[in-house]
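Colleague: using only what follows, build the 3D model:
(one chain, ligands or ions: 1)
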Amino acid sequence: MIHSAFLINDPFGDPGVYVSIKYRRAALLFDLGDLHRLPPRQLLKIDYIFVSHTHMDHFIGFDHLLRVSLGRDRRICLYGPPNFLQNVEDKLRSYTWNLVGNYTNDFEIQVTEVHPTYSICRRYRCRNAFKPEDEERGDFDGTLVRGESFSVRAAFLDHGTPCLAFSFEENTRINIKKNVLQEMGLPTGPWLLDLKAHIMRGEPDDLPVRVWWRQGEGRTDEKMIPLGILRDKVVKITPGQKISYITDVLYSEENARRIIELARGSELIFIEASFIEEDADTAARKCHLTARQAGVLAKSAEAKRMVPFHYSPKYKGEGDILSDEAMETFRENV
Ligand SMILES: [Zn+2]
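Modeller: Below is the predicted model of the structure:
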């Protein structure tokens, strides 16, 4: 696993999950509620923030993050639902920025507002007093970020207002077993990149792979080996794992279908469990899930582990009834 993920606050606190990407000093955030539990050291690693919607408990951390980031060389990319650009710009406009032109660092926020079929992106630089710049429009096909080591997808849900659910997925990794290569008398070199590309494309076992190496004086030697043999012997393939973040959603057939499709096969699913099943009417009225519904969804998505969160304050002191209800449903045999 190249990541670790945890809830920022306790399940009654503001929702939010911190995902840290090992080896890269990078991190990403799902939702931007109260962030005071995160030390600045962790806040400063955040490159990407995915905001489900801008109800206050999911967005009030924006100011805190801005405060910690001012005067630093960094860029943060934010993603959010329709009207997100306006929400961010209103926040930025509520401060006075007359002296930032003198700053020597470059702090930049890149904000992408996501619509069901397209997205709009604007840039805000501290040195330019956070005025909107460089608007770009693009298509939205479900994927927000396609990175070197991971990607992030989003689904549109109904919470009385559009609300985004997210899934973070590591890319499949292919590692070369150097010792085996040596035992087989094969060299390292650029041919290994081609080998990885063949494997990623799922090409057939009998495809001849050209193994080549330099023999001094501009001469190269080569040997053809079937892909199947190389795939079996010299590589270790680690499939990427998936983490999903689902919150603030009405339980409906359409929402359930979208959640299951997005979160299918997650190693870990963070999912709101705001009310007990007995209070299902209240949950529906407030466009939230019950703990039982959370369990059903996590189970239907075939998630391996579930973390329920975003408990209604109504159950303060008895969080166990929510987590028990969610967990029992999740583990039930159907
Ligand atoms: Zn909420």
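Colleague: OK, contacts around the residue nearest the centre of the chain?
Modeller: By C-alpha atoms, centre = their mean, the chain has its centre lying nearest to residue 168, at 3.3 Å. Listed by C-beta atoms under 8 Å, 6 or more residues apart in numbering, the contact partners of residue 168 are 3, 5, 19, 28, 150-152, 242-245. (Glycine included, C-beta is placed from N, CA and C.)
Colleague: can you put those in JSON lines and add pLDDT?
Modeller: Below are the contacts of residue 168 laid out as JSON lines (pLDDT from 0 to 100):
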{"residue": "3", "pLDDT": "77"}
{"residue": "5", "pLDDT": "93"}
{"residue": "19", "pLDDT": "94"}
{"residue": "28", "pLDDT": "95"}
{"residue": "150", "pLDDT": "89"}
{"residue": "151", "pLDDT": "93"}
{"residue": "152", "pLDDT": "96"}
{"residue": "242", "pLDDT": "94"}
{"residue": "243", "pLDDT": "96"}
{"residue": "244", "pLDDT": "97"}
{"residue": "245", "pLDDT": "97"}
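Colleague: ok, of those, which come out buried?
Modeller: With neighbours counted using 16 or more other C-beta atoms under 10 Å, these contain these buried positions: 3, 5, 19, 28, 150-152, 242-245.
Colleague: buried sites along stretch 215-227?
Modeller: 225, 227.
Colleague: across the sheet, point out what pairs with the residue nearest to the centre of the chain.
Modeller: In this entry, residue 168 is beta-bridged to residue 152, residue 243, by DSSP bridges.
Colleague: can you read off the pLDDT for it?
Modeller: Here, the pLDDT recorded for residue 168 equals 95.
Colleague: tally of neighbours for residue 233?
Modeller: Residue 233 is flanked by 14 other residues according to other C-beta atoms under 10 Å.
Colleague: wait, I meant residue 82
Modeller: Quick note: residue 82 (other C-beta under 10 Å) scores 16 neighbours.
Colleague: just checking, it touches residue 164?
Modeller: No. Residue 82 lies out of contact with residue 164 (C-beta atoms under 8 Å); the separation is 9.9 Å.
Colleague: which ones are touching the residue of the stretch 201-334 of the chain found nearest the ion?
Modeller: Using C-beta to the ion, the closest approach of the stretch 201-334 of the chain to the ion is made by residue 248 at 4.5 Å. The contact partners of residue 248, taken as C-beta under 8 Å, 6+ apart, are 15, 52-53, 55, 58, 157, 159, 163, 272, 287-288, 310.
Colleague: and for residue 29?
Modeller: Residues near residue 29 by C-beta under 8 Å, 6+ apart: 16-19, 46, 48-50.
Colleague: how far away from the center of its chain is the host helix or strand of it?
Modeller: Assigned by DSSP states H and E, residue 29 belongs to strand 26-30. Taking the mean of its C-alpha atoms, strand 26-30 sits 7 Å from the chain's own mean (C-alpha atoms, centre = their mean, to the nearest Å).
Colleague: that strand pairs with which strands?
Modeller: When DSSP bridges is applied, strand 26-30 pairs with strand 17-21 (antiparallel), strand 46-50 (parallel).
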